[in-house]
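Trainee: Predicted structure and sequence below. I'll ask about it afterward.
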Amino acid sequence: MFREQMEALAASSAKVAPLTELPYGEPAVSITFDDGFANFAEHAVPLLERLSLPATVFVIAGYCGGRNNWPTQPPGFPELPLMSWSALRDLPALISLGAHTMTHPDLRVLDDRQLREEILNSRTEIEQRTGRRVESFAYPYGATDARVSALVRSEFRVGCGTRLDFVRSRSDRAVLPRLDTYYLKSTRWPSRLFGVSTRAYIGLRRVLREARSSYVARNATAAATTPSQ
């Protein structure tokens, strides 16, 4: 499915740009991958190279060469290997590296010292280990607030969240929305990505997803505050 999607994107009229060069306010696409799974190098990179499609992979610096078993990983999630530092150094030039913290925490619950360590140390570690410049950041789980995004805004050219939406000319470069391709499985979407029907579909999906998230959050709060009987 990924191969078919990328081939369709390459054959479309959409401009595919590196994340830090994404032109706002005109039809263009940037491709991003979170966490730095080993199967990115195995399956995605050869295809992206063949099609000359630039992309950004966000790296969890404290887990390179390990597995995705960080403390905040939801139960039941498949445990998979992550790229090593050697694999990251070997990535082709069209693949940019972004920071994704040291240990993938919810940044909102950290104090200021912990926040700076997770965000800034991850960039330093990646740059020193790979010799590549890191100019972008992705929030674990898309979780951010004014304090967190202010630090990212001051330190990176681009920050990415997970809100399901198109990037617009007025979008905050520190908290860009992204389109999860889970909702774009058809190979027809590249030819109609910026059309009215796709925008309406994404808008509906966004409303449903945010309503579900709010419902889960309310129930979690209620469960935490309900006294025992």
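Mentor: Arrived safely, thanks for sending.
Trainee: so how far is the first residue of stretch 142-161 from its last?
Mentor: End-to-end distance for stretch 142-161: 4 Å, by Cα to Cα, to the nearest Å.
Trainee: same question, stretch 100-107
Mentor: 11 Å.
Trainee: contact partners of that stretch?
Mentor: Residues outside stretch 100-107 that contact it (Cβ atoms under 8 Å, 6 or more residues apart in numbering): 34-36, 58-63, 70-73, 115, 117-119, 121-122, 125, 137-141, 143-144, 148. For the C-beta atoms, the positions are set from N, CA and C on the backbone; glycine is no exception.
Trainee: Could I get the contacting residues of the spatially most central residue of the chain?
Mentor: Nearest to the mean C-alpha position of the chain, counting by Cα atoms, centre = their mean, stands residue 34 at 4.6 Å. Taking Cβ under 8 Å, 6+ apart, we find residue 34 in contact with 57, 58, 100, 138.
Trainee: again, only this time at 6 Å
Mentor: Taking Cβ atoms under 6 Å, 6 or more residues apart in numbering as the criterion, residue 34 is in contact with 58, 138.
Trainee: ok, what's across the strand from it?
Mentor: With DSSP bridges as the criterion, residue 34 is bridged to residue 58.
Trainee: can you give me the helices for this structure?
Mentor: 2-11, 38-39, 45-51, 85-89, 112-130, 146-155, 189-192, 196-225 (DSSP state H).
Trainee: Quick check: which of those is nearest to residue 175?
Mentor: Smallest distance to residue 175 across these (Cβ to Cβ): 5.2 Å, for helix 146-155.
Trainee: Centre of the chain to the closest one, how far?
Mentor: 16 Å (Cα atoms, centre = their mean, to the nearest Å).
Trainee: Taking helix 112-130 as reference, get the angle to it.
Mentor: With axes from the mean of the first three to the mean of the last three Cα atoms, to 10 degrees applied, the angle from helix 146-155 to helix 112-130 works out at 40 degrees.
Trainee: doesn't residue 31 make contact with residue 14?
Mentor: No. Counting by Cβ atoms under 6 Å, residue 14 does not reach residue 31; the two are 11.0 Å apart.
Trainee: higher neighbour count, the two?
Mentor: residue 31 (20 against 16; other Cβ atoms under 10 Å).
Trainee: How about the more buried one: what's its closest non-neighbour residue?
Mentor: If the residues on either side of it in the chain are set aside, residue 31 comes closest to residue 55, at 4.1 Å by Cβ to Cβ, 6 or more residues apart in numbering.
Trainee: Give me the local confidence score for the one you found.
Mentor: Note on residue 55: pLDDT of 98.
Trainee: ok, it touching residue 40?
Mentor: No. Here residue 55 lies out of contact with residue 40, judged by Cβ under 6 Å, at a distance of 8.9 Å.
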